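Asks: Structure, please.
(one chain, ligands or ions: 1)
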Amino acid sequence: MRLPPAIVPHTEEVLREILRFTGPADVTLSRYFRENPKLGGRERGVIAESVYGLLRNKSVYTNFAESGVGPMMRRMALLGLTDTVSIESIAGLSTEEVEWLTRTAQIDRNKLPLAMRSNLPAWLLEKLIARDGEAATMELAEAMNQPAPLDLRVNVIKSNREAVAAELAAAPILCEPTPYSPLGLRVIKKPALQNLPLFKDGAIEVQDEGSQLLAQVVGAKRGEMIVDFCAGAGGKTLALGAAMRNTGRLYAFDVSEKRLIKLKPRLARSGLSNVHPVMIAHENDAKVKRLAGKIDRVLVDAPCSGLGTLRRNPDMKWRQTVETIAEMHAKQVNILTSAARLLKAGGRLVYGTCSFLNEENEDVVVEFLQNNADFTLVPMSVVLEEQKIALEMGDYLKLLPNLHQTDGFFAAVLERKK
Ligand SMILES: C[S@@+](CC[C@H](N)C(=O)[O-])C[C@H]1O[C@@H](n2cnc3c(N)ncnc32)[C@H](O)[C@@H]1O
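Replies: Predicted coordinates for the structure are as follows:
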């Protein structure tokens, strides 16, 4: 079925705004759709997919758009649209445009220069090649350019994986157990879940398997005092609260009131009553200091570049720079240092990010250990064995989409000496 000609100017307009990179692409896209209520469901789907395709493949498309006719943003929009739907589906194209799009569709993208094919900004490509070499970098770049699967985490205080899988199958929604997380289910297609009783009753939450594993390596136990230092909207808080079997006390700290507000309905669904959301002004807030030395476990799911989530947020690679990464590093060291003061002797802290850059990961941990002699690193291999998770790791948890089919995640476990 042909799409209305207006789909092209709409794609062009929203793309122009998104490519300014002044805010997250998903936020801009949602606002645009709100402001254009007459756009139908199919058109919205095609525009969103085209914009995401363009963000994933911006280097290649920018190069292709240098040939062709008409305004640059129209050319970009047309490239995105024709990668999403066929050329024939788009009404109102000129003969020249059809010829140009047909020609570009025939270009073998594997033969393009590496810098273009990687679809990464130059600073990031250089950094990754220096660390991992060309082949591994390209593998990662390509995996990051694929859409992510839909993973669910089963809430153990409400159900178990087998029962949820059976109920989903009856819906009928096909899924399979995630390979590493004992509580995960990977949904085969991507149905809407919001109206399922399983979702409404809090038996399932949408959560990437990597994010589930990050919560799992905290090793939360019944009756403990735990702090989720950067809880946000509570993805990992909910997993921790359930691992504690709704006992003990779990503080959910964050500097963002907006995010903590989003945690509330999720908490209500989950059935957890051991979670205490606490808004803090900064990492050295008096509310943090009051709990110093009293906590069994701390999770620092640190603010980061988000480069590990490029499958979902492809705009992140174009919004980060060498400077923003250096700023992140300093912030991460400060948060980790402050959060570590919460721990009792013998208590454990998990430092994690959804980034694959050393600056945000092992460099932060090494700097922290240099300045905090009362902490030691617990090798991730030991932690994974304790948790009975069959993953081969060394000192750190390092998850990548090309190797583990998860988002990119990093985690280190630090223990305060007894
Ligand atoms: C990676 S996100 C957390 C995601 C969340 N844990 C989840 O699983 O959904 C990082 C969070 O850190 C918060 N943050 C930023 N600076 C902070 C600080 N100084 N202290 C505590 N939280 C902070 C941000 O507001 C953001 O919600």
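Asks: which bits of this protein sit near the ligand?
Replies: Neighbours of the ligand within the chain, by Cβ under 6 Å from any ligand atom: 211, 229-236, 253-256, 259, 280, 282-283, 301, 303, 335. No exception for glycine: its C-beta is placed from N, CA and C like everyone else's.
Asks: Show me those that map onto helices.
Replies: 211, 235, 236, 259, 335 (DSSP state H).
Asks: Under the pLDDT cut-off, which ranges of the stretch 101-250 of the chain? List them.
Replies: Within the stretch 101-250 of the chain, not a single segment meets pLDDT under 70.
Asks: Show the residue spans covered by the helices in it.
Replies: 114-117, 122-132, 134-144, 161-170, 197-200, 209-216, 235-243 (DSSP state H, counting those that start in this stretch).
Asks: out of those, deepest packed?
Replies: Using mean count of other Cβ atoms under 10 Å, the stretch among the helices of the stretch 101-250 of the chain with the greatest mean number of neighbours is helix 209-216 (a mean of 27).
Asks: what's that helix in contact with?
Replies: With contact meaning Cβ atoms under 8 Å, 6 or more residues apart in numbering, helix 209-216 is reached by 151, 153, 178-184, 186, 235-236, 239-240, 243, 299, 301, 308, 350, 352, 354, 387, 389, 391, 397, 399, 404-409, 411.
Asks: Convert that helix to CSV, retaining C-alpha atoms only.
Replies: Presented in CSV, the C-alpha positions along helix 209-216 are these (Å, rounded to 0.1, in the frame of the first residue of the first chain):
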residue,chain,number,x,y,z
GLU,A,209,19.2,-9.5,29.9
GLY,A,210,22.4,-7.5,30.5
SER,A,211,20.6,-5.2,32.9
GLN,A,212,19.2,-8.2,34.8
LEU,A,213,22.7,-9.6,35.2
LEU,A,214,24.0,-6.4,36.6
ALA,A,215,21.3,-6.6,39.3
GLN,A,216,22.1,-10.3,39.8
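Asks: centre of the chain versus it, how much separation?
Replies: Centre-to-centre, helix 209-216 and its host chain are 12 Å apart (Cα atoms, centre = their mean, to the nearest Å).
Asks: Among the ones in helices among the residues of the chain next to the ligand, which pair sits farthest apart?
Replies: Put simply, by Cβ to Cβ the two of these set farthest apart are 211 and 335, 18.4 Å from each other.
Asks: And the ones in helices among the residues of the chain next to the ligand, which is closest to the ligand?
Replies: Distance to the ligand across these (Cβ to the nearest ligand atom) is lowest for residue 235, with 2.9 Å.
Asks: OK, contacts around the residue of the stretch 51-200 of the chain found nearest the ligand?
Replies: Closest contact between the stretch 51-200 of the chain and the ligand, by Cβ to the nearest ligand atom, is at residue 153 (11.0 Å). Listed by Cβ under 8 Å, 6+ apart, the contact set of residue 153 reads 181, 183, 184, 204, 205, 206, 207, 212, 238, 239.
Asks: what about burial for those residues, which qualify?
Replies: Buried members of these, scored by 16 or more other Cβ atoms under 10 Å, are 181, 183, 184, 204, 205, 207, 212, 238, 239.
Asks: from these, which single one is nearest residue 73?
Replies: Within the buried ones among the contacts of residue 153, the smallest distance to residue 73 is 36.3 Å, found for residue 207 (Cβ to Cβ).
Asks: show me what contacts that closest one?
Replies: 151, 152, 153, 184, 235, 239.
Asks: picking up where we left off before, write the ChimeraX selection for whichever of the residues of the chain next to the ligand are buried.
Replies: Applying 16+ other Cβ under 10 Å to those leaves a buried subset, and the ChimeraX line that selects it is:
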select :211,229,230,231,232,233,234,235,236,253,254,255,259,280,283,301,303,335
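Asks: Okay then, goodbye and thanks.
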